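Colleague: Got a predicted structure here, sequence first:
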Amino acid sequence: MTLQRTCPCGSGATYDACCGRLHRGTVSAETAEELMRSRYAAYAVGDTDYVFRTWHPRTRPDDLSPDPALTWTGLRIVGSGEDWVEFVASYDRAGAVGELRERSRFERRGGRWVYVDGDLG
């Protein structure tokens, strides 16, 4: 199934041509920022398997059950470096809007980028 809607990561491309290809495993993220954007998109479309697969095994939680009252509504990149990305993710939880700000750390593991952890701001 291909999705022609705009990718939740904010790239302006279609989901299928952008983060969807990473979620399907067709390609791997080439940068920490691309991985961060694809993880945000995975949360937005409910693909927790992708989130789990791209989380460092040393730091990932046992349970990644989504919050059914939470809808991710936007992503803004504040800054990035080789192995970190600072972002603001907007959401709506049961009618209350909010933002999550995080400076995330990433690591190359087996030739692929994985999310390690982050500091909430």
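Modeller: Yep, it's here. Not measured: the values here are computed from a predicted model.
Colleague: which one in the chain is furthest away from the centre?
Modeller: Computed with CA atoms, centre = their mean, the residue of the chain farthest from its C-alpha average is G95, at 22.3 Å.
Colleague: bridging residues for W55?
Modeller: In this structure, W55 bridges to Y115 when assessed by DSSP bridges.
Colleague: Could you report the neighbour count for it?
Modeller: One way to gauge burial is a neighbour count; for W55, by other CB atoms under 10 Å, it gives 17. The way it works is simple: take the backbone N, C-alpha and C, and place the C-beta from them, glycine included.
Colleague: same thing with the one 5 residues further on?
Modeller: The local packing count at R60 equals 17, with neighbours defined by other CB under 10 Å.
Colleague: What about A42? Give its phi and psi, please.
Modeller: Comment: the main-chain dihedrals of A42 come out as phi -60, psi -40, following degrees, to the nearest 10.
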